[in-house]
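Participant: coordinates only, sequence not included:
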């Protein structure tokens, strides 16, 4: 039977090791909080410039502008995904290279995990105990995926509300923070994006999948509406 001291140190070990890339969890949390703003400026707002400078009119002469705008959705997702992934991977590698190991098998000198610590209420909590590195990569992947989804959500807003860049960024960020607060205060954190991008989030894979699908379906729906508006505006302009 394990001593109380070992159990306490094991819990400390858990909270230390699941801090993303072992010590920079605070920075990651800031990234997650401002993620909607970052997603707005990673290519999602380029449609504003294309409309303002007449680039879309030139594109419409050469190809189907609707196809171009739909392909742009994929590009925005990939651009946000990779722009978020690369610095997180570099950060992860730098931490692994530079953080020393003392005693046992972790840099804090805590004892090995105990077998009675139950973290099943947290998103993949038990996986964090068993396979810390794989867990870190999954959280990193989640951040990148949701960054891409927020990027195409911002793109949908830019398509439908042209000429209102600042309002769109402020509105998307406000909705994001409001969703976090509402889900937190109502005890339904599993429906918050933040829960799947931090190391002590409450959630499960089923809710995560449903949340991703809802966000994707809504984003694509409003993108299609925006594409029709842009296409109609171009047709009106060409008839003049």
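Facilitator: Nice, thanks for sending it over. No experiment lies behind these values; they were computed from the predicted model shown. Numbers count the residues shown, from 1 in each chain.

Participant: hey, which helix or strand in the protein has the poorest pLDDT?
Facilitator: With mean pLDDT, DSSP states H and E as the measure, the helix or strand of the chain carrying the lowest mean pLDDT is helix 4-17 (a mean of 45).

Participant: can you list the low-confidence ranges for the protein?
Facilitator: Along the chain, segments meeting pLDDT under 70 span 1-26, 95-121, 125-126, 128-130, 132, 235-240.

Participant: tell me which element the residue nearest in space to the middle of the chain falls in.
Facilitator: If you average the C-alpha coordinates of the chain and look for the closest C-alpha using Cα atoms, centre = their mean, you land on residue 146, 2.9 Å from that point. Under the criterion of DSSP states H and E, residue 146 resides in helix 132-160.

Participant: how far does that helix sit from the chain's center?
Facilitator: Chain-centre distance of helix 132-160: 3 Å, with Cα atoms, centre = their mean, to the nearest Å.

Participant: helix or strand right after it?
Facilitator: In N-to-C order, the element after helix 132-160 by DSSP H and E is helix 165-185.

Participant: where along this structure do the strands fall?
Facilitator: Taking DSSP state E as the criterion, the chain contains no strands.

Participant: quick revisit: contact partners for the residue nearest to the centre of the chain?
Facilitator: Counting by Cβ atoms under 8 Å, 6 or more residues apart in numbering, residue 146 makes contact with 35, 193, 196-197, 212. (C-beta placed from N, C-alpha, C; glycine too.)

Participant: okay if I get those residues as JSON lines plus neighbour count and distance to residue 160?
Facilitator: JSON lines is the format used below for the contacts of residue 146 (neighbours: other Cβ atoms under 10 Å; distance: Cβ to Cβ, whole Å):
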{"residue": "35", "neighbour count": "22", "distance to residue 160": "21"}
{"residue": "193", "neighbour count": "27", "distance to residue 160": "21"}
{"residue": "196", "neighbour count": "27", "distance to residue 160": "27"}
{"residue": "197", "neighbour count": "25", "distance to residue 160": "26"}
{"residue": "212", "neighbour count": "16", "distance to residue 160": "22"}
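
Participant: ok, back up a step: specify the angle between the helix holding residue 146 and helix 165-185 in degrees.
Facilitator: Regarding helix 132-160 and helix 165-185, their directions subtend 130 degrees when assessed with axes from the mean of the first three to the mean of the last three Cα atoms, to 10 degrees.
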